[in-house]
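J.: here is my input; please provide its structure:
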Amino acid sequence: MDDPLVTRLQSAECQPLLDRLRKKLLQGEPLSGKCRLSGLNEQQRRRIVELTGSSSRGKTITIDLEVFQQVVHNTGRFDSLRQLVETAVGGPIENRRANRASYDAAWTSVWESAHRLVGETNVPFISADGLTECLQDLRGGWLVRATRRDSRLALDLIQRALKILQQLPLEPTPLSIFAAEQTGDAHSLDQNQTLGRLVIKLLAAGSCSSKNADLRRAGSRRILWESVGVVTDELSSSALVLNLPATGESLTDKMLRQHAADGMPCRVTFRHLRLFRPTFSSNQTRQPLYVCENPSVLAAAADRFGSRCPPMVCVEGQPGLTCWSILQMLHRSGFQLNYHGDFDWGGLRIANKLYEAFAFRPWRFSASDHSTVSSNHRPLKPPAAEALWDADLADAIRSSGVAVEEESLIELLLSDLDGTLRGGLDILRSG
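T.: Residues are numbered from 1 along each chain as shown. This is a model prediction of the structure:
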């Protein structure tokens, strides 16, 4: 605006006055009362006195803002001193103090509403205390940054995330299908989406077994999703099996039979199970199914026995959802699971989950079977665990002070399988 009053206020000599008035407006202070400016040079003092009609002593000026307000009003060009200042700086001046108070109040309302919603959320496997702790962590800033400080969006995301948790756990379902059913967008729960990241954070915090999961790792996120029946990648989620007696006519049945005919280990993906579900039937009451923790055991069995090898499944460390699904199908079809794993704390935790689900018979996996077979065993890593199927096994492992990997016992395990093939030897008598 080309106005002489504006031009004078914008001048270098009057800049200290303009800065002070702008600062008062930013802080939500009224343009009234007295305003002191000090440290001015002679030219600044003279120009500001002329502009405001104020008095001065030396380099200090005391400005009566009501007087200056009247000077501005008398021009007939401005309704107020505030209008003059905003014109001089080129636009409206926000009240930062009021905006901050409004911003804080809006986010306080978000967290209060979120805590109320958590109290109303009832999911059997989710801890309300864990969700509450997660909300406290979110207040540290992640959700604020992710929503670009939009409190309404943040509350909407929390509401949607809690609603999604209430739909869990599921029968095994691909993440994209679950996301599409819940939100209409197959990618809404992907890791690069704010809603997806929020759901997985809440899920980890509310799940006692996954509370300390490192969500930066794709493997940790995959395990967490699969724990509630959601498969993040139905091609990567798979199970390693050998000689499973498939009896149906689906693509997966035929694939399993072809591999079994040549004694070749077969990798079955979750997509196989979802689209071409296999059928299993036991040819005897409680036919034995041998389950190991490490792929090298299954590979060695395939090398040694080929198509004659009894049916085997490898859990490959922590069993994924595809592996669980196959074990459940075999168990329901009448197979008796016989399990061997690593003699260490991690091995016991894996085995405990399998024992709770299938009540397996230990396959050379009891206290009487534990022994150190070389001097190269690695030290045990805490935390310790107990064995649900053998009260003495944990003490045996603890006394040794080392972890005995399953691979070090391959020859013994293979000899057991050979005995079973040759004469039905009860290799599980120690259990």
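J.: buried ones in whichever strand or helix holds Gly419?
T.: According to DSSP states H and E, Gly419 maps onto helix 410-423. For helix 410-423, the buried set under the neighbour-count rule, 16 or more other C-beta atoms under 10 Å, comprises 410, 413-414, 416-418, 420. Any C-beta I mention is one placed from the backbone N, CA and C, and that applies to glycine too.
J.: in the stretch 251-400 of the chain, where is pLDDT below threshold?
T.: 372-375 (pLDDT under 70).
J.: show me where it has its helices.
T.: 251-261, 270-275, 295-305, 321-332, 345-358, 393-400 (DSSP state H, counting those that start in this stretch).
J.: do the stretch 1-150 of the chain as well
T.: Under DSSP H, counting those that start in this stretch, the stretch 1-150 of the chain gives helices at 4-10, 15-26, 42-52, 65-74, 81-89, 96-120, 128-138, 142-146.
J.: deepest of the ones you listed, which one?
T.: helix 81-89 (a mean of 19; mean count of other C-beta atoms under 10 Å).
J.: so how far is it off the chain centroid?
T.: 50 Å (C-alpha atoms, centre = their mean, to the nearest Å).
J.: got it, and stretch 102-114?
T.: 24 Å.
J.: re earlier: now for the helix holding Gly419, which elements pack on it?
T.: strand 288-292, helix 295-305 (3 or more C-beta pairs under 8 Å, 6 or more residues apart in numbering; DSSP states H and E).
J.: between those, which gets nearest to Ala359?
T.: Closest approach to Ala359 among these (C-beta to C-beta): strand 288-292, 12.6 Å.
J.: let's have the helices of the stretch 251-400 of the chain in JSON lines, adding distance to Asp19 and mean neighbour count.
T.: Listed next are those as JSON lines, based on distance: least, C-beta to C-beta, whole Å; neighbours: other C-beta atoms under 10 Å:
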{"stretch": "helix 251-261", "distance to Asp19": "76", "mean neighbour count": "18"}
{"stretch": "helix 270-275", "distance to Asp19": "65", "mean neighbour count": "20"}
{"stretch": "helix 295-305", "distance to Asp19": "72", "mean neighbour count": "18"}
{"stretch": "helix 321-332", "distance to Asp19": "64", "mean neighbour count": "20"}
{"stretch": "helix 345-358", "distance to Asp19": "65", "mean neighbour count": "18"}
{"stretch": "helix 393-400", "distance to Asp19": "73", "mean neighbour count": "16"}
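J.: got the ones you listed as a markdown table, with distance to Ser55 columns?
T.: Putting the helices of the stretch 251-400 of the chain into a markdown table (distance: least, C-beta to C-beta, whole Å) gives the following:
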| stretch | distance to Ser55 |
| --- | --- |
| helix 251-261 | 95 |
| helix 270-275 | 85 |
| helix 295-305 | 91 |
| helix 321-332 | 82 |
| helix 345-358 | 83 |
| helix 393-400 | 89 |
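J.: how about these, which one is nearest Thr121?
T.: helix 321-332 (23.9 Å).
J.: quick one, that closest one and strand 288-292 angle?
T.: 160 degrees (axes from the mean of the first three to the mean of the last three C-alpha atoms, to 10 degrees).
J.: quick one: list the elements packing against helix 321-332.
T.: Against helix 321-332 (3+ C-beta pairs under 8 Å, 6+ apart) you get strand 238-242, strand 266-269, helix 270-275, strand 312-314, strand 336-340, helix 345-358.
J.: can I get the helices of the stretch 1-150 of the chain in CSV including distance to Leu162 and mean pLDDT?
T.: Shown next, in CSV, are the helices of the stretch 1-150 of the chain (distance: least, C-beta to C-beta, whole Å; pLDDT from 0 to 100):
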stretch, distance to Leu162, mean pLDDT
helix 4-10, 53, 90
helix 15-26, 38, 89
helix 42-52, 58, 89
helix 65-74, 52, 88
helix 81-89, 44, 90
helix 96-120, 5, 89
helix 128-138, 8, 88
helix 142-146, 13, 93
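J.: and those: which comes nearest Phe280?
T.: Phe280 lies closest, by C-beta to C-beta, to one member of the helices of the stretch 1-150 of the chain: helix 128-138, at 37.6 Å.
J.: that closest one to helix 96-120, inter-axis angle?
T.: Using the same axes, to 10 degrees: helix 128-138 against helix 96-120 is 160 degrees.
J.: could you export helix 128-138 as CSV, CA atoms only?
T.: Extracted C-alpha coordinates of helix 128-138, given in CSV (Å, rounded to 0.1, in the frame of the first residue of the first chain):
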residue,chain,number,x,y,z
ALA,A,128,-5.2,-51.9,28.0
ASP,A,129,-2.2,-50.9,30.1
GLY,A,130,0.1,-51.5,27.1
LEU,A,131,-2.1,-49.3,24.9
THR,A,132,-2.1,-46.6,27.5
GLU,A,133,1.7,-46.7,27.7
CYS,A,134,1.8,-46.5,23.9
LEU,A,135,-0.4,-43.4,24.0
GLN,A,136,2.1,-41.8,26.4
ASP,A,137,5.0,-42.6,24.0
LEU,A,138,3.0,-41.2,21.1
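J.: returning to what we had before: now the helices and strands packed on helix 410-423 in a markdown table, with distance to Asp395?
T.: Formatted as a markdown table, those follow (distance: least, C-beta to C-beta, whole Å):
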| stretch | distance to Asp395 |
| --- | --- |
| strand 288-292 | 24 |
| helix 295-305 | 25 |
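J.: nearest to Leu203, out of these?
T.: Of all these, strand 288-292 comes closest under C-beta to C-beta, at 27.8 Å.
J.: flag every buried residue along stretch 234-252.
T.: 234, 237-246, 248, 250, 252.
J.: just the residues contacting stretch 173-192, thanks.
T.: 160, 163-164, 167, 170, 193, 195-197, 199-200, 218, 221, 225, 229-234, 270, 274 (C-beta atoms under 8 Å, 6 or more residues apart in numbering).
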